[in-house]
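Participant: model this:
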Amino acid sequence: MSFAYKDVGEMRVYPLYCGGDMTDWAIFDPFDARVGTKVFNPYFIYLVTHPDGNVLFDSGPHPDLRTDPRSRLGAGADAFEVVMTEHDWLVPRLATLGMTPTDITHVVQSHLHFDHAGGLEWLTHAKVYVQREELAFARNPPRYQREIFVANDFNHSIQWVELDGKCDLFGDGLLRIVPTPGHTRGHQSLLVGLRSRPVFLLGDAAYLVSKMRTRSVPAVAWSPDAFMSTWDAVEAIEQTEGARLVATHELDFKSSVPMAPQAWFA
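Facilitator: Sure, this is the predicted structure:
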């Protein structure tokens, strides 16, 4: 399943930093020796420039999380100390690249948790790709994930494209949506066929790649068994494609992620 490259011009992946929160190490691994210690958990969205359209992988946090987190999360806000500036969300981050939300033609939502789906209300003109099971899961979440799905993030006139499995976004093999359940029922990731090296945008298919390697399941999980199957599949794609794995919440992002607008994957 190797990439068959066409002339992709300057296809790039721009990681756009959107702040984050202070959270306990238990979120990443409930059995880690550092449980009880707070750590900064970053938020990212990713712009992929493809000849046939500008694609966002995730839409990031809602700006109200910075000024009034309870308006979005209710009592759940007490579990997260949100750390954002006025620039740490979709609109100002796109502006650093000379773009506005109307320049986005397609959105691939990894899942619909608050830190990944808060920008959708600015993207109602775009096609939004989501797994059918994820949309159903988000609209009627189980009690153990209810506080991290915010209905106001996705209760808009959104042009949903509901998927039941894999999808080749433009039919050229360069942007492949891959189901990666575990964190949520309908989680999905995006494999991007950059010329230098494929980049596999995992979203929360793994919070930390290092924890995936040791098969350490994070605290927020729909199914540990699904995580295990997903991680086997991710590593198979990594090996077959020579892909670089990029998890949204990697703690070493300052050294491991080429952050836009100064840097990017190409």
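Participant: Contacts only, for Ser223.
Facilitator: With Cβ atoms under 8 Å, 6 or more residues apart in numbering as the criterion, the residues that contact Ser223 are Pro181, Gly182, Arg185. Just so you know, the C-beta spots here come from the backbone N, C-alpha and C atoms, and that holds for glycine as well.
Participant: tell me the contacts of the closest residue to the second one other than its chain neighbours?
Facilitator: The shortest distance from Gly182 to any non-neighbouring residue, by Cβ to Cβ, 6 or more residues apart in numbering, is to Phe227 (3.4 Å). Residues in contact with Phe227, defined by Cβ under 8 Å, 6+ apart, are Gly182, His183, Val217, Ala221.
Participant: Run a quick neighbour tally on the residue nearest to the third one when sequence neighbours are not counted.
Facilitator: The spatial neighbour of Val217 that comes closest, neighbours along the chain excluded (Cβ to Cβ, 6+ apart), is Pro224 at 4.7 Å. Burial of Pro224 is recorded as 11 neighbouring residues (other Cβ atoms under 10 Å).
Participant: my read: Pro224 touches Ser216, true?
Facilitator: No: counting by Cβ atoms under 8 Å, Ser216 is not a contact partner of Pro224; they are 10.3 Å apart.
Participant: Determine the three-state secondary structure at the residue nearest to Gly182.
Facilitator: Reduced to three states with DSSP: H, G, I helix; E, B strand; the rest coil, the structure at Phe227 is helix.
Participant: ok, how many other residues are close to Thr85?
Facilitator: If we define neighbours as other Cβ under 10 Å, then Thr85 has 10 of them.
Participant: gap between it and Arg66?
Facilitator: For Thr85, the distance to Arg66 equals 7 Å [Cβ to Cβ, to the nearest Å].
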